[in-house]
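1. build me a model from this:
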Amino acid sequence: MSLLSLYAPSLHGRAHHAALEVDTPGGGTRTLTFGALDERRDCLAALLAARGLTAGDRLAFCLPNRLAVIDLWLAAITLGVILVPINVLYRGREIAHIVGDAEPVAVVTTPEHAADLPAGTTWWDVDTLAQELESALETTPPSGAPRTTPFDATDATPAALIYTSGTTGVAKGAVLTHGNFAANARALVTSWRITAQDRYLAALPLFHVHGLGNGVQCWLATGCHMKLVARFEHERALDWFDTYRPTLFFGVPTMYVRLLEAPAHRAREIGATMRLFVSGSAPLPAQVLEAFAERFGHVILERYGMTETLMNVSNPYDGERRAGTVGLPLPGVEVEIRDEAGAPVSDGTSGELWVRGANVCAGYWKRPDATAAAFVQGWFRTGDLGVRARDGYITLQGRRSDLIISGGFNIYPREVEELLLAEPGVREVTIVGVPDARRGEVPVAYLVCDAEPDAEALERSLRAQVASFKIPRAFIRVAALPRTALGKVQKHLLPAYEP
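-> Numbers count the residues shown, from 1 in each chain. All right, here's what the predicted structure looks like:
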């Protein structure tokens, strides 16, 4: 099905209802109805078609959150054009890879970001395009007739080409279809009880699958109200909660850490009007979940997804939201944990998560080798390691590529990271494997902490809780962990360990 069919009850059925609130350059806000968004969709689609875009073409954007991103998404869906989001934090080499690989007709961006595009790249100024749209909207088609005829999309029609975060290597473009986005939206709306009465505070970047694939799709599928902010600013976040009074918030762990700085009385007031806090894109430390529940009166719902599959697993809306786990498979999603040979393992045994469902991407753009390696008889190999409890709850143990094999023993970094995060003064931690002549690899811990770490004390504490081969060889203090825009640690950017 075309995503326009999924959105129709909102764009048409709730045409006169307020849909979107966005900040304006002057410090005010602008509110648009679903009907206005539908008119903008139709009009911008006509403008893009006049510029030569046709079904199957790629159109990239490199923009912070703003109305133009919503307009581009809806217009691209209408035309059958494949939208290619580019992280606004990326620079020359990273952008050049995406532009060279996706070969978009153009990149919609600002003059500032255009300076980072490869020489010769066609780019369209977002403000100029917005002005053209506003001017065209003033000219009503005869009898209100649509300006464009929507492309006859199916479940298999590509809607977006979204590149993996590339935390360990070259980013690959996941081909996400209309059917992928629709299946994901239905699963989340059902599982998280999202309705038209919700008010969604959207602070996640729309160039990332978390914000675009989850937040925007749930909003358009249900016809709820959305406030879109340019980016998460912890200095302003409490005011957004106070004035907008959302019921729904999707965030990443670093956002929740900053929200914990809220005074107790404001946290209670925010919690009183909220319905659901969701966390993803990076592991949520158990102590953050517990501290947030005590302060805001809400247990954050942690879930698990990835660029290639959208959402796979979620803690339940009703029932136990278990700290340290990502919960149970979502409706329509099958998850198995398998060993290196591809055979399913028993509960309580570690293995790789394999996923199957309508949420899984069509493959990697122009990478038949990577597609063949990732897909096995209809199953997608996620590359994520985990273990399933007897009652079905799944606990992630990190990326397969992060697994440390030391002297023949497997070390799952997250297990030790969680223990170190419980130590006084340790605010962030990541563990990596470094080459060792005798053991092949040994773990090394990088910590963001209030003072120089006491290695002996940390080692004593860990020895009382885990096997000796899991103890980091060194505890290195760093000012900050290098992260992507969504909070994933970029381990390859950490300073080199020198024994």
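2. gap between the closest residue to Val426 other than its chain neighbours and Lys491?
-> Using Cβ to Cβ, 6 or more residues apart in numbering and skipping residues adjacent in sequence, the residue nearest Val426 is Cys449, 4.8 Å away. Using the backbone N, CA and C atoms, a C-beta is placed for each residue, glycine as well. The gap separating Cys449 from Lys491 is 18 Å, by Cβ to Cβ, to the nearest Å.
3. can you check Thr140 too?
-> As judged by Cβ to Cβ, Thr140 and Lys491 stand 55 Å apart.
4. between the two, which is the more surrounded one?
-> Lys491 (19 against 11; other Cβ atoms under 10 Å).
5. the nearest residue to that one once chain neighbours are set aside bridge partners, please.
-> Nearest residue to Lys491, sequence neighbours excluded (Cβ to Cβ, 6+ apart): Val432, at 5.1 Å. Counting by DSSP bridges, Val432 forms beta bridges with Val444.
6. now Phe181. Its backbone dihedrals?
-> Phe181 has phi and psi values of phi -60, psi -40 when expressed as degrees, to the nearest 10.
7. near the nearest residue to Val345 once chain neighbours are set aside, how many other residues are there?
-> Using Cβ to Cβ, 6+ apart and skipping the chain neighbours, the partner closest in space to Val345 is Gly351 (4.4 Å). Residues near Gly351, counting by other Cβ under 10 Å, number 21.
8. ok, now how distant is Gly351 from Arg390?
-> The gap separating Gly351 from Arg390 is 15 Å, by Cβ to Cβ.
9. can you tell me the SS state at Pro205?
-> coil (DSSP: H, G, I helix; E, B strand; the rest coil).
10. pretty sure it sits against Cys62.
-> No: in this structure, Pro205 is not within contact of Cys62 by Cβ atoms under 8 Å, at 11.2 Å.
11. apart from its chain neighbours, what residue comes closest to Ala373?
-> Using Cβ to Cβ, 6+ apart, the closest residue to Ala373 is Arg381 (7.6 Å).
12. okay, and the beta partners of that neighbour?
-> Trp354.
13. in this structure it contacts Thr371, no?
-> No: using Cβ under 8 Å as the test, Arg381 is too far from Thr371 to be in contact (11.1 Å).
14. tell me the SS of the residue nearest the centre of the chain?
-> Centroid-nearest residue in the chain: His210, 2.5 Å away (criterion: Cα atoms, centre = their mean). Following three-state DSSP, we place His210 in the helix state.
15. secondary structure class for the closest residue to Leu447 other than its chain neighbours?
-> Excluding its sequence neighbours, the residue lying closest to Leu447 (Cβ to Cβ, 6+ apart) is Val429, at 4.9 Å. Under the three-state scheme (three-state DSSP), Val429 adopts strand.
16. could you list the low-confidence segments of the stretch 151-300 of the chain?
-> For the stretch 151-300 of the chain, the stretches flagged by pLDDT under 70 are 165-169.
17. can you check the stretch 301-450 of the chain too?
-> Residues of the stretch 301-450 of the chain that meet the cut-off, pLDDT under 70, sit at 407-410, 437-438.
18. can I see the domain layout of the chain?
-> Following automatic domain parsing, the chain resolves into domains at 3-231, 403-493.
19. so how far is the first one from its chain's centroid?
-> Spelled out, that is domain 3-231. Domain 3-231 has its average C-alpha position 15 Å from the chain's average C-alpha position, going by Cα atoms, centre = their mean, to the nearest Å.
20. repeat that for the last one.
-> Shown here is domain 403-493, whose average C-alpha point lies 25 Å from the average C-alpha point of the whole chain (Cα atoms, centre = their mean).
21. output stretch 289-299 as CSV - backbone C-alpha positions only.
-> Provided in CSV are the C-alpha atoms of stretch 289-299 (Å, rounded to 0.1, in the frame of the first residue of the first chain):
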residue,chain,number,x,y,z
LEU,A,289,15.4,4.1,34.3
GLU,A,290,15.1,3.8,38.0
ALA,A,291,16.0,7.4,38.8
PHE,A,292,13.6,8.6,36.2
ALA,A,293,10.8,6.5,37.6
GLU,A,294,11.4,7.9,41.0
ARG,A,295,11.6,11.5,39.9
PHE,A,296,8.9,11.7,37.1
GLY,A,297,6.7,8.9,38.2
HIS,A,298,7.0,7.1,34.8
VAL,A,299,8.9,3.9,33.9
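22. show me what counts as buried in it.
-> Leu289, Phe292, Ala293, Arg295, Phe296, His298, Val299 (16 or more other Cβ atoms under 10 Å).
23. of the residues you listed, which is the nearest to Val466?
-> Distances from Val466 to the buried residues of stretch 289-299, taken as Cβ to Cβ, are shortest for Leu289 (21.4 Å).
24. in this model Glu302 seems to touch the closest one, though I could be wrong.
-> Yes: contact status for Leu289 versus Glu302: in contact at 7.2 Å, counting by Cβ under 8 Å.
25. overlap of the contact sets of those two?
-> Arg321 (Cβ atoms under 8 Å, 6 or more residues apart in numbering).
26. could you say what helices and strands the helix or strand that contains Leu37 packs with?
-> Here Leu37, judged by DSSP states H and E, is contained in helix 34-50. Here helix 34-50 touches helix 3-11, strand 18-23, helix 67-79, helix 126-137, going by 3 or more Cβ pairs under 8 Å, 6 or more residues apart in numbering; DSSP states H and E.
27. most tightly surrounded among the ones you listed?
-> helix 67-79 (a mean of 24; mean count of other Cβ atoms under 10 Å).
28. could you pull out the helices in the stretch 201-350 of the chain for me?
-> Counting by DSSP state H, counting those that start in this stretch, the stretch 201-350 of the chain has helices at residues 209, 217-222, 234-244, 253-259, 264-273, 286-296.
29. nice, that's everything, thank you.
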